[in-house]
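>>> just a sequence and a predicted model for now, questions to come.
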Amino acid sequence: MDIDFLLTRGVAQVEKETDLRRLLEAGGRGRRPLRVKLGLDPRNPDLTLGHGVVLRKLRQFQQLGHKAVVIVGDWTARLGDPSGRSDAREALSAEQVKANAEQYLDQFYQVVDREQTEVRWQSEWFDRFTLADAIRLAGNKTVAQMLDRDDFSKRYQAGTEIYISEFLYPLLQGYDSIAVEADVELGGTDQTFNLLVGRELQGRIGQPPQQILTCHLIVGLDGVQKMGKSLGNYIALTAPANDMYGKLMSLPDQAMMTYFETLTTVPTAELREVQRQMAEGSLNPRDVKMRMAREIVTEFRSAEAAAEAEEAFVRQFQRHQLPEQIPDFRLAEPTNIVTLIVDQWRLAPSRSRARDLIQQGGVYFYPEGEQSAAQRITDVSFVAPAKDGAIVQVGKHDFRRIRVF
C-alpha cells in the first residue's frame, strides 16, 4: 500500500498531514505500529457500502502494518437519546447491544483483517465513571465551543432545543481516544468535530494528540442524500453480488466517479482519463458504470462473482430476460403484497415506502413464472396467491419465486 494513496484517495481532510505522513514513513510511533481508531455504533447492526468507504481506509492502514482499534459504543448505546429526537438512538439493552455488535463485526471482517484488529468496549472504562469524572470531562468544553459543531449551530439558530446531555456525546467519544491511546482516528466528514475533540482531550492529559483522517461520504441510490438505511437508498454490504451490481447500475451518472474514487483501486490517472473521454463524448457513461459496478463487486466479493453478476444484468436488462437465479420463498397462504415486501422479504424500510413503490408501478407479478405474463401491480391491497412457481418482482433488481410445498 502506497502512503500517498492512503492519504489522498477518497480522503476529505487530514489534520496535520505532515505529522501523519512522518509517522507512516517511520512505520509507527517509536517501536510500535500506529493504533488506528474507528468507532462502532451498535444501534444498527447492518452495514452499507457507505460504511465500506471508511472500512477500506482502515484496511489500508493495516496493509502498512498498523493496528485497527475498534470501539464498540455499548455504553452510550444503552443510554439512547434522552431528547427523543432520533429513533436511531433508542436505548438498547445490553443483550441487544451484544447481538448487534456481533453481527456488525461479522460484516466488518469481510473488509478488515481480523488478525490486525483489537476490539474494545466502552463499558471497560465508562462503567467505572463517577459523577465527578463526568463533570471534570464536561469542564473541557464551553457551550460556545460546542455550538461550533455544524448541526448544533443550525439547531440553535433555528430555535430548536439542544439538550445538555447531547453535548456530552462528543466528549465521551473523545475520551475513548484517551482510553485506547489512539494515534489516528478515522471517520466520515460528519464526524470531524467529534474526532477533533478526542485530539484536544489527549493533548490536555499529555498523550500525543491523535491524527485525524476523514473520508468523503457517498450519496445513496437517489444520487442526492448520503447513503443510509433510514432513507432506503443504500446497498447492503452483505448484498448478493447480483443485487449489488444491479443497484450500482441504477446510480445516477454524476455519482459514478465518487464511487470509483472511494470504493475501488483503479489508478487516479486512469479515472481522470475516463472523465475526459466521457466529457468529450468518446466514452459511453453506461460502459463506465458497468466497469464501476464490476470493480466494486470484485472488491467486496470476487472477480468471478462480479463477472457472473454482469452477465445476469446484461441478460435481464439488455436482453430483457428474467434472471436465471431467483430466490425461492415458501408461501403457505395468500398474503398482502405490502406485508410480503416489508415484513417477509425486507425489501423496503417501511410500509409507506412499499406502498409508494407499488403505486408508482415498481412491482410486478408473473403468475406463470414467465416474462411474457407480467402484470404490473399498482393496488396496495393486492394479495399474492399461494401459487407454486409464480414470481414477484420488487423494483428493478429484487425477485422472489413463490413455492407452496
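Perfect, thanks for sending it.
>>> which stretches of the chain have low pLDDT?
For the chain, the stretches flagged by pLDDT under 70 are 81-90, 317-320, 372, 405.
>>> show me where it has strands.
11-15, 35-40, 67-72, 117-121, 184-188, 211-215, 328-330, 335-336, 363-366, 375-377, 383-384, 391-394, 398-403 (DSSP state E).
>>> just the buried residues of stretch 119-129, please?
Residues R120, W121, Q122, S123, W125, F126 are the ones in stretch 119-129 that count as buried (16 or more other C-beta atoms under 10 Å). Using the backbone N, CA and C atoms, a C-beta is placed for each residue, glycine as well.
>>> and for stretch 156-164?
Neighbour-count burial for stretch 156-164 [16+ other C-beta under 10 Å]: I162.
>>> need the distance between the two termini of that stretch.
With C-alpha to C-alpha, to the nearest Å as the measure, stretch 156-164 spans 13 Å from end to end.
>>> now do that stretch: distance to the chain's middle.
Stretch 156-164 sits 28 Å away from the centroid of its parent chain (C-alpha atoms, centre = their mean, to the nearest Å).
>>> cool, and stretch 108-128?
Here stretch 108-128 is found 18 Å from its chain centre; the criterion is C-alpha atoms, centre = their mean.
>>> could I get that stretch in PDB with only the CA atoms?
C-alpha atoms of stretch 108-128 as PDB (Å, rounded to 0.1, in the frame of the first residue of the first chain):
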ATOM      1  CA  PHE A 108     -16.700  -5.700   9.400                       C
ATOM      2  CA  TYR A 109     -14.300  -8.600   9.000                       C
ATOM      3  CA  GLN A 110     -15.400  -9.000   5.400                       C
ATOM      4  CA  VAL A 111     -13.300  -5.900   4.700                       C
ATOM      5  CA  VAL A 112     -10.900  -5.500   7.600                       C
ATOM      6  CA  ASP A 113      -8.200  -8.100   8.700                       C
ATOM      7  CA  ARG A 114      -9.400  -9.800  11.900                       C
ATOM      8  CA  GLU A 115      -5.800 -10.600  13.000                       C
ATOM      9  CA  GLN A 116      -4.800  -7.000  12.900                       C
ATOM     10  CA  THR A 117      -7.800  -5.700  14.800                       C
ATOM     11  CA  GLU A 118      -8.200  -5.000  18.500                       C
ATOM     12  CA  VAL A 119     -11.900  -4.800  19.700                       C
ATOM     13  CA  ARG A 120     -12.600  -2.700  22.800                       C
ATOM     14  CA  TRP A 121     -15.900  -2.000  24.600                       C
ATOM     15  CA  GLN A 122     -16.700   1.500  26.100                       C
ATOM     16  CA  SER A 123     -18.000  -0.200  29.200                       C
ATOM     17  CA  GLU A 124     -14.500  -1.200  30.100                       C
ATOM     18  CA  TRP A 125     -13.800   2.400  31.200                       C
ATOM     19  CA  PHE A 126     -17.300   4.100  31.500                       C
ATOM     20  CA  ASP A 127     -18.700   1.500  33.800                       C
ATOM     21  CA  ARG A 128     -16.200   2.900  36.300                       C
END
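>>> touching, R294 and A306? I think so.
Yes. Using C-beta atoms under 8 Å, R294 is in contact with A306, at 4.8 Å.
>>> what do those two both touch?
Y245 (C-beta atoms under 8 Å, 6 or more residues apart in numbering).
>>> A77: neighbour count?
25 (other C-beta atoms under 10 Å).
>>> I'd say I341 and F365 touch.
No. Counting by C-beta under 8 Å, I341 stays clear of F365, with 12.0 Å between them.
>>> hmm, back to that, same list (the buried residues of stretch 119-129) but as JSON lines, adding distance to G73.
Shown next, in JSON lines, are these (distance: C-beta to C-beta, whole Å):
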{"residue": "R120", "distance to G73": "10"}
{"residue": "W121", "distance to G73": "9"}
{"residue": "Q122", "distance to G73": "6"}
{"residue": "S123", "distance to G73": "10"}
{"residue": "W125", "distance to G73": "12"}
{"residue": "F126", "distance to G73": "10"}
